[in-house]
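In: would you be able to build a 3D model of this:
(one chain, ligands or ions: 1)
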Amino acid sequence: MLESIALICSKLNSIAPNILNGLFLNTDLKNNLSLIKDKITNKDFNYVLENLQKNCLLMQFMKVCPIPDYYIEKNFVKIRKEILNQTYKLNIDKNHINFLISLSMQCFLNEYIYGQSKDEIEKIKKIDERIKNNLKENKEISDLDILCLLCYEPLTNFSWSNKVKFSDKLKEIFKLHLNQNEIEIQISKSIKSISKVEDRISIKVKKQYEENPYPRWENLGLSIEPREIKEVINDNDLNLDLKKITNSESPEILIAGCGTGQHAITTASKYQKSKILALDLSFKSLSYAKRKANELKINNIDFIQGDILDLESIDRKFDIIESVGVLHHMDNPFKGWKILTSCLNKDSLMLIGLYSEKARQHIKEIKNKINKIKLQSNYKNIIKFRKDLIENNDNHLNYIKSSPDFYTVSGVRDLLFHVQEHRFTISKIKEYLDKLGLIFLGFEDQLVKEKFKEIYSNKIDLYNLDKWEEYEKNNPRTFAGMYQFWCKKID
Ligand SMILES: C[S@@+](CC[C@H](N)C(=O)[O-])C[C@H]1O[C@@H](n2cnc3c(N)ncnc32)[C@H](O)[C@@H]1O
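Out: Presented below is the predicted three-dimensional model:
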């Protein structure tokens, strides 16, 4: 069932809240979780796990997407602790194995955002020792011991990871933890660079995404049938004479700052006979992206490492340039945008995504706190800071909790700990568009446009940035997901 949902939706992460609603409304998930207490009896614990295991949608969901819900997280943390206690004492029920598989995959996907208490660290050590000793003595290694540890740390952290023979039940876990890692290391060797990254901020940004490629994703719904540029663009309801845009049969498309490839792969599947160049600073992100493209059998993308600042050196022009969530991480976004503009062909289109100053006020305040205490962005600090936000019931918590980024380590780093972040206003965007000789063609997000039309019913207003500025003033959360808009060079 979940696979088919993923196929028809563009991103599983974006429909996760709907799946959660369905789980809470149509299954007994809430009743079961409400039985979880800090001190839970064996009987209740076994009862809850048996029931959760019967919830097939939940079990599958846990394997494919970080669950963006704090109530579930809180209870999973307690369940995981009890699993550890019982595994440590060798009295965990074997019948819970399917739940352990799902939970360990969920923890891998959220990059172990649940953290570890002192008591847990001790018990993990002891189970790790037990596995090592059993290996030494040629004794059988329990799947439950392995699974329990993998609810706390990735397999690659354990010295025995390459020595254990995995049972058939654990093959999917092995694939998730080890195969992907090895494949990406190999892929990384084949990725070419356009030049050495030299800009001071680009070096810092590159380091962040080498350590934490973002976003980590598993599933993507692709276009069933690629179409011509005009057909695809026509869906967006832009302020544009379609006769005047490129009619290239085999469009050249640049994805500038492709990250882990979601965007590049979606675009590659959308445009007929397209040739995509996907550029990013981070080898790790590019390797993730290329592995996913290979898995999905998308072969019209060239992945290349480099800085937008050095793009002119490749001396190529493009029919479409897309750069979403990237320019605001540069030292000088205008300079980056200017370089992208210089790579546009005549009659070409550009899709840009930028952070909104209004929508990110709460993030700005939290970032100020982090900067004030000079908190380094390592795993421990990220987990601790997040925990403090929750425990102190920070006044921005409700907004933050609704962001899927809050539920993975790389997401929190991107959301709150980024080394470089600019925010834009609509006036600033207008100023930059003018300076660059670009015209605004319209926003991308259909839902945002539908809401706007409820207030401004005149169609022409959709393309009037002054009206949008007015609208955002009254609805400051409108661009919580970024300003994403199309533009092109003035004829
Ligand atoms: C927040 S991620 C967004 C990734 C992707 N656009 C998406 O929407 O999924 C930002 C990406 O931009 C890349 N990036 C930032 N500055 C860049 C630059 N100057 N040149 C190339 N890539 C850059 C980063 O390495 C990172 O992978």
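In: can you give me the helices in the stretch 151-300 of the chain?
Out: Using DSSP state H, counting those that start in this stretch, the helices of the stretch 151-300 of the chain run over 171-174, 180-190, 200-211, 229-234, 262-270, 283-295.
In: mind putting those into CSV with mean pLDDT and mean neighbour count?
Out: Glycine gets a C-beta too; all of them are placed from N, C-alpha and C. Below are the helices of the stretch 151-300 of the chain laid out as CSV (pLDDT from 0 to 100; neighbours: other C-beta atoms under 10 Å):
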stretch, mean pLDDT, mean neighbour count
helix 171-174, 87, 15
helix 180-190, 94, 14
helix 200-211, 98, 17
helix 229-234, 92, 17
helix 262-270, 95, 23
helix 283-295, 97, 22
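In: point me to the residue of this protein nearest the ligand.
Out: Nearest residue of the chain to the ligand (C-beta to the nearest ligand atom) works out as Gly259 at 2.5 Å.
In: how deep is that residue tucked in, by neighbour count?
Out: 26 (other C-beta atoms under 10 Å).
In: pretty sure it sits against Ala289.
Out: Yes: counting by C-beta atoms under 8 Å, Gly259 does reach Ala289; the two are 7.0 Å apart.
In: shared neighbours, those two?
Out: Asp280 (C-beta atoms under 8 Å, 6 or more residues apart in numbering).
In: in TSV: the helices of the stretch 151-300 of the chain, plus distance to Ser102.
Out: As requested, the helices of the stretch 151-300 of the chain are exported to TSV (distance: least, C-beta to C-beta, whole Å):
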stretch	distance to Ser102
helix 171-174	10
helix 180-190	18
helix 200-211	27
helix 229-234	37
helix 262-270	23
helix 283-295	21
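In: out of the ones you listed, nearest to Asn393?
Out: With C-beta to C-beta, the closest approach to Asn393 among the helices of the stretch 151-300 of the chain belongs to helix 200-211: 28.5 Å.
In: what's near enough to touch the closest residue to the residue of the chain closest to the ligand other than its chain neighbours?
Out: Nearest residue to Gly259 in three dimensions, chain neighbours excluded: Ser285, at 5.0 Å (C-beta to C-beta, 6 or more residues apart in numbering). Taking C-beta under 8 Å, 6+ apart, we find Ser285 in contact with 209-210, 213-214, 258-261.
In: in the chain, which residue is closest to the centre?
Out: By C-alpha atoms, centre = their mean, the chain has its centre lying nearest to Pro215, at 2.6 Å.
In: quick one, phi psi at that residue?
Out: Per-residue torsions, Pro215: phi -80, psi 150 (degrees, to the nearest 10).
In: what about Ile304, which SS state?
Out: strand (DSSP: H, G, I helix; E, B strand; the rest coil).
In: returning to that earlier point: and the helices of the stretch 151-300 of the chain as a markdown table, adding distance to the ligand?
Out: Shown next, in a markdown table, are the helices of the stretch 151-300 of the chain (distance: least, C-beta to the nearest ligand atom, whole Å):
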| stretch | distance to the ligand |
| --- | --- |
| helix 171-174 | 25 |
| helix 180-190 | 14 |
| helix 200-211 | 4 |
| helix 229-234 | 18 |
| helix 262-270 | 5 |
| helix 283-295 | 5 |
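In: for the stretch 201-350 of the chain, what lies in contact range of the ligand?
Out: Within the stretch 201-350 of the chain, the positions near the ligand by C-beta under 6 Å from any ligand atom are 202, 205, 209, 214-215, 257-259, 262-263, 279-282, 285, 307-309, 324-326, 329-330.
In: try 5 Å this time
Out: 202, 205, 209, 257, 259, 262-263, 280-282, 285, 307-308, 324-326, 329-330 (C-beta under 5 Å from any ligand atom).
In: hmm, back to that, nearest to Leu150, of the contacts of Ser285?
Out: Pro213 (20.3 Å).
In: need the per-residue pLDDT for the closest one.
Out: As summarised for this prediction, Pro213 has a pLDDT of 96.
In: can you check the one 3 residues further on too?
Out: Looking at Arg216, its pLDDT reads 89.
In: also Leu2?
Out: 35.
In: give me the neighbour count for Leu465.
Out: 17.
In: with Ile460 instead?
Out: The burial count for Ile460: 9, using other C-beta under 10 Å.
In: contacting residues for Phe76?
Out: Phe76 neighbours (C-beta under 8 Å, 6+ apart): 103, 106, 114.
In: what's the domain layout of the protein?
Out: 2-181, 192-358+423-489, 361-416 (automatic domain parsing).
In: winner for burial among the ones you listed?
Out: Among the domains of the chain, domain 192-358+423-489 has the highest mean neighbour count (mean count of other C-beta atoms under 10 Å), at a mean of 18.
In: can you give me the end-to-end span of that one?
Out: 30 Å (C-alpha to C-alpha, to the nearest Å).
In: stretch 22-37 now?
Out: 24 Å.
In: so how far is Met62 from Ile203?
Out: 37 Å (C-beta to C-beta, to the nearest Å).
In: same question but for Ser427, I mixed them up
Out: With C-beta to C-beta as the criterion, Ser427 and Met62 are 44 Å apart.
In: ok, Leu441 next?
Out: Taking C-beta to C-beta, one finds Leu441 at 41 Å from Met62.
In: just Asn98 next, same as before
Out: 10 Å.
In: could you dump the contacts of Phe76 to CSV with pLDDT?
Out: Converted to CSV, the contacts of Phe76 look like this (pLDDT from 0 to 100):
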residue, pLDDT
Leu103, 98
Gln106, 96
Tyr114, 97
